[in-house]
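Participant: Mind folding the following:
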Amino acid sequence: MIAVVNDAAARFRSAIEAGDLDAAVALCRDDVEFRSPVVHRPHRGREPLRAVLGAVFTVFGGFHYVAEYSGPDGHVLEFAATVGEREVQGVDLLRTDTEGRIRELTVLVRPLSAATELRDRMGPLLTRPA
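Facilitator: Residues are numbered from 1 along each chain as shown. A predicted model of the protein is given here:
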């Protein structure tokens with residue numbers, strides 16, 4: 001299972017680093033669950049994920065991965081970026097299914113001031129169905 005997770009994580013990382021939104025979303029299941037650092041309910045499905053990642057590409061400056069970690073249940077990609085004048089440190093937590101498709105993507109960021117700035121800048125770029 002670790003090899004499947006590593007492969008999915010490596011392909012996801014490459015797609016994000018290349019700015020290839022379509023490739024990143026294609027690695028995910030149709031019912032992928034995305035957990036955001038700034039909303040309490042997950043987004044479900046490829047199209048909501050596409051909208052969020054598109055906004056991320058707009059809002060984050062200088063985004064780059066700095067480390068990665070693997071385990072039997074998933075993979076963690078650590079990143080650094082800026083949001084406005086705020087430095088952001090965060091992680092993408094990836095969980096895959098048995099076929100190597102991403103079934104869950106959770107993003108965590110710090111510090112709180114950067115998460116707040118992220119929320120404020122992404123909000124206008126996204127519309128969330130009730």
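
Participant: quick one: the helices in this structure?
Facilitator: Using DSSP state H, the helices of the chain run over residues 2-17, 21-26, 46-59, 112-122.

Participant: Determine the set of other helices and strands touching the last one.
Facilitator: It refers to helix 112-122. Using 3 or more CB pairs under 8 Å, 6 or more residues apart in numbering; DSSP states H and E as the contact criterion, the elements in contact with helix 112-122 are helix 46-59, strand 74-83, strand 86-96. In short, each C-beta sits where N, CA and C put it, glycine included.

Participant: so can I have CSV of these showing mean pLDDT?
Facilitator: Output for the helices and strands packed on helix 112-122, formatted as CSV (pLDDT from 0 to 100):
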stretch, mean pLDDT
helix 46-59, 91
strand 74-83, 95
strand 86-96, 96
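
Participant: among these, which is nearest L118?
Facilitator: Across the helices and strands packed on helix 112-122, L118 has its closest neighbour in strand 74-83 (4.9 Å, CB to CB).

Participant: okay, the angle between the closest one and strand 86-96?
Facilitator: Strand 74-83 and strand 86-96 are oriented at 160 degrees to each other (axes from the mean of the first three to the mean of the last three CA atoms, to 10 degrees).

Participant: Strand 74-83 - which strands sit beside it in the sheet, and in what orientation?
Facilitator: Sheet neighbours of strand 74-83, with direction, are listed as strand 61-71 (antiparallel), strand 86-96 (antiparallel) (DSSP bridges).

Participant: Export the ones you listed as a markdown table, with columns for mean neighbour count and distance to L53.
Facilitator: Shown next, in a markdown table, are these (neighbours: other CB atoms under 10 Å; distance: least, CB to CB, whole Å):
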| stretch | mean neighbour count | distance to L53 |
| --- | --- | --- |
| strand 61-71 | 13 | 11 |
| strand 86-96 | 19 | 11 |
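
Participant: Could you tell me the end-to-end distance of stretch 54-64?
Facilitator: Chord length of stretch 54-64, first to last residue, is 16 Å (CA to CA, to the nearest Å).

Participant: which stretches of the chain have low pLDDT?
Facilitator: 1-6, 127-130 (pLDDT under 70).
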